[in-house]
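**Q** build me a structure from this.
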Amino acid sequence: MLGRPPRRPLGPTGQEHAGAKVYFVIFLTGALGLRCGEALALRREDINLEAAIPKVIVSRAHQGGKKSPGDVYVRRQHLKLLRTFLRDGIRSVRRRGHKHGRGRAKTIELHETYSPPKSGFLFPSRSKAKRPYLHYHAVYDHVRRQAPKFLAHLQRHGKQWDAAVAKLRPHSGRATLITELMGEGLTTALSMKYARHAPGSHKIHLRYGHLRLHDVKQACDATRGSNPRLAKRPWATMSTRDLLKTQWQITEELGRRDALK
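**A** Model prediction:
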């Protein structure tokens with residue numbers, strides 16, 4: 001691949017065709033690493049952005065959250081945007097075909113605003129539906145249709161992405177986030193905790209790490225040890241006591257990882 005799939009599979013073209021509500025679901029999967037079913041089953045009461053540790057609670061009360069319930073940390077870069085979405089809603093201009101539409105494509109524009117409810121499910125279903133929140137396929141089908149259009153949108157703007165972008169699915173946002181956390185140096189234990197993977201699921205968790213040689217190069221070059229001028233204490237100048245202490249820490253970490261296998 002020429003790059004990892006973008007975090008928001010719908011992108012700007014997604015709001016034109018799928019609408020603001022589906023866009024918000026995909027935002028939650030990419031920003032918080034939620035599964036699509038977990039995002040759809042969220043209630044407004046499950047989001048606590050004013051706590052000492054801002055978090056979203058994935059509850060086992062509904063089918064969407066039974067796989068791995070728990071608390072999900074809301075990272076600082078998403079706090080302001082998530083607060084804005086919950087307070088002001090999401091506005092979009094949705095385009096769809098219509099026999100009375102304009103232009104050669106015969107399309108009309110529908111101005112929509114999705115305002116998340118102040119209580120209850122964020123994505124309530126229609127009346128008399130079997131479940132109180134949107135079904136998974138309500139999002140899956142939209143993403144599947146829009147993924148090829150998103151690839152065409154990237155190519156029109158000169159972005160170098162390969163054909164795999166056309167196969168994006170709702171789970172792609174979660175997979176991309178976990179890959180990014182691994183690439184930024186988060187330990188396996190912490191990235192598993194963030195993704196809410198069980199301790200015995202480390203093999204499944206590591207499959208998310210679609211890291212390339214370019215990612216390895218960037219990670220290595222970013223370390224202090226790659227540049228002796230930036231290293232506060234190069235190995236050659238460290239005392240024997242400090243070297244033994246470092247070796248003990250490495251051995252302890254390896255032993256902890258072996259215990260997880």
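
**Q** in this protein, which spans are helices?
**A** 11-17, 20-32, 36-40, 76-88, 136-156, 172-183, 188-195, 202-206, 213-222, 240-260 (DSSP state H).

**Q** now do the third one: which elements does it pack against?
**A** Using 3 or more CB pairs under 8 Å, 6 or more residues apart in numbering; DSSP states H and E as the contact test, the elements touching helix 36-40 are helix 20-32, helix 136-156. All C-beta spots, glycine's among them, are computed from the backbone N, C-alpha and C.

**Q** CA atoms only for it, dumped as PDB, please.
**A** The C-alpha trace of helix 36-40 is given here as PDB (Å, rounded to 0.1, in the frame of the first residue of the first chain):
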ATOM      1  CA  CYS A  36     -19.600   0.000  14.500                       C
ATOM      2  CA  GLY A  37     -22.100  -1.900  16.600                       C
ATOM      3  CA  GLU A  38     -20.700  -0.300  19.800                       C
ATOM      4  CA  ALA A  39     -21.000   3.200  18.400                       C
ATOM      5  CA  LEU A  40     -24.600   2.500  17.300                       C
END
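
**Q** next one: it to chain centre, how far?
**A** 12 Å (CA atoms, centre = their mean, to the nearest Å).

**Q** re the thing from before, what's the most buried one of the helices and strands packed on helix 36-40?
**A** Counting by mean count of other CB atoms under 10 Å, helix 20-32 has the highest mean neighbour count of these, with a mean of 24.

**Q** re the thing from before, could you tell me the least trusted of the helices and strands packed on helix 36-40?
**A** Averaged per stretch, pLDDT over those is lowest on helix 136-156, reaching a mean of 82.

**Q** nearest to residue 70, of the helices and strands packed on helix 36-40?
**A** helix 20-32 (11.9 Å; CB to CB).

**Q** and the angle from the closest one to helix 172-183?
**A** Going by axes from the mean of the first three to the mean of the last three CA atoms, to 10 degrees, helix 20-32 is angled at 20 degrees with respect to helix 172-183.

**Q** tally of neighbours for the nearest residue to residue 21 once chain neighbours are set aside?
**A** Leaving aside its chain neighbours, residue 21 sits nearest to residue 114 (4.6 Å; criterion: CB to CB, 6 or more residues apart in numbering). When counting by other CB atoms under 10 Å, one arrives at 18 neighbours for residue 114.

**Q** what sits against residue 114?
**A** The contact partners of residue 114, by CB atoms under 8 Å, 6 or more residues apart in numbering, come to 19-21, 24, 89-90, 92.

**Q** which of those residues sit farthest apart?
**A** The span of the contacts of residue 114, defined through CB to CB, is set by 19 and 89 at 12.2 Å.

**Q** neighbour count winner among these two?
**A** Neighbours were counted for residue 19 and for residue 89 using other CB under 10 Å; residue 19 has more, 20 against 15.

**Q** ok, that one touching residue 91?
**A** No. Using CB atoms under 8 Å as the test, residue 19 is too far from residue 91 to be in contact (10.8 Å).

**Q** which neighbours do these two share?
**A** Residues touching both residue 19 and residue 91 (CB under 8 Å, 6+ apart): residue 112.

**Q** distance of the residue lying closest to residue 119 once chain neighbours are set aside relative to residue 83?
**A** Using CB to CB, 6+ apart and skipping residues adjacent in sequence, the residue nearest residue 119 is residue 44, 5.2 Å away. Per CB to CB, to the nearest Å, residue 44 is found 13 Å from residue 83.

**Q** what do you get for residue 34?
**A** Separation of residue 34 from residue 83 (CB to CB) stands at 18 Å.

**Q** the more surrounded of these two?
**A** Taking neighbours as other CB under 10 Å, residue 34 and residue 83 compare with residue 34 leading, 27 against 15.

**Q** so what's the residue nearest to that one when sequence neighbours are not counted up against?
**A** In space, and not counting its chain neighbours, residue 34 is closest to residue 28: 5.2 Å by CB to CB, 6+ apart. Going by CB under 8 Å, 6+ apart, residue 28 touches 34, 39, 42.

**Q** residue 173: which of these is nearest?
**A** Residue 173 lies nearest to residue 34 out of the contacts of residue 28, by CB to CB, at 8.3 Å.

**Q** right, I'll leave it there.
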